[in-house]
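A.B. asks: could you work out the structure for the sequence below:
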Amino acid sequence: MPFNLPIALTWLRIVFIPLILLLYYVPHAWWTDITRDNIAAWVFIIAAITDWFDGWLARRWNQTSAFGAFLDPVADKLMVSAALLILLSIGRVDAVIAFIIIGREITISALREWMAQIGASASVAVSWLGKFKTAAQMVAIPCLLYYENVYGVSARWVGQILIIVAAILTVWSMLYYLRKAWPEILKRSL
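C.D. replies: Residues are numbered from 1 along each chain as shown. You can find the predicted model right below:
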């Protein structure tokens, strides 16, 4: 297993998951809900930045690896799923939206794994639609974690709109990937 700065940043994202969970499940004697939400939002923002930065560094420094290509999406999916489950538990995101986003991640991960096994992974490579979905999620989630006004703009409102946009893009991108894989699915199932 190679170890370099891009992979270290990916591991950092994974380490942030229990940190965010602890913020919501450790007794509140040390901080207020607003402080907790502020810290959680910033931890998520830093994690989202490392998601972009680790990929950029890996390509720029020619430090891409099969392990990094595996670990990066796993870290992203774990981080987003953990944040959505927290938001669900504190009533800031609807169960249907959380299910759509998490369910899509599981479905597309399984589809990509299967397509790779049959040598057709190029047909389900990441698309621009998936990138827009990710961007909407990565802005919506810290807004929903923070939940207060930022310079007179309601983070709650922005987060709620963007998480709905993310859910719509999630369904759209899942259908896009399934459509791309459909010929292989039909060929292998008949």
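
A.B. asks: all contacts plus neighbour counts: C-alpha atoms, from now on.
C.D. replies: Noted.

A.B. asks: could you pull out the helices for this protein?
C.D. replies: With DSSP state H as the criterion, the chain has helices at 5-25, 33-60, 66-89, 95-117, 128-146, 155-189.

A.B. asks: turn those into CSV, columns for mean neighbour count and mean pLDDT.
C.D. replies: Output for those, formatted as CSV (neighbours: other CA atoms under 10 Å; pLDDT from 0 to 100):
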stretch, mean neighbour count, mean pLDDT
helix 5-25, 18, 92
helix 33-60, 18, 90
helix 66-89, 17, 92
helix 95-117, 16, 90
helix 128-146, 21, 93
helix 155-189, 17, 90
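
A.B. asks: would you confirm that G55 contacts L5?
C.D. replies: No: the criterion here is CA atoms under 8 Å, and G55 misses it with L5 at 10.3 Å.

A.B. asks: tally up the residues packed near G91, please.
C.D. replies: 10 (other CA atoms under 10 Å).

A.B. asks: can you give me phi and psi for it?
C.D. replies: As for G91, its main-chain torsions (degrees, to the nearest 10) stand at phi 80, psi 30.

A.B. asks: ditto for Y151
C.D. replies: Phi and psi for Y151, reported as degrees, to the nearest 10, are phi 50, psi 40.

A.B. asks: ok, G119 next?
C.D. replies: Torsion angles, degrees, to the nearest 10, at G119: phi 80, psi 20.

A.B. asks: and the pLDDT at it?
C.D. replies: In this model, G119 is scored at 77, pLDDT.

A.B. asks: what's the neighbour count on it?
C.D. replies: 10.

A.B. asks: now it: how far from E184?
C.D. replies: Distance from G119 to E184, counting by CA to CA, to the nearest Å: 10 Å.

A.B. asks: what does W30 give?
C.D. replies: W30 is 55 Å from E184, where distance means CA to CA.

A.B. asks: please apply the same query to A47.
C.D. replies: Distance of A47 to E184, given as CA to CA: 35 Å.

A.B. asks: before we move on, what about V93?
C.D. replies: 35 Å.

A.B. asks: now swap in V80 and tell me
C.D. replies: The gap separating V80 from E184 is 29 Å, by CA to CA.

A.B. asks: ok, now N4?
C.D. replies: Distance, N4 to E184, by CA to CA: 36 Å.

A.B. asks: having no further points to raise, I will conclude here.
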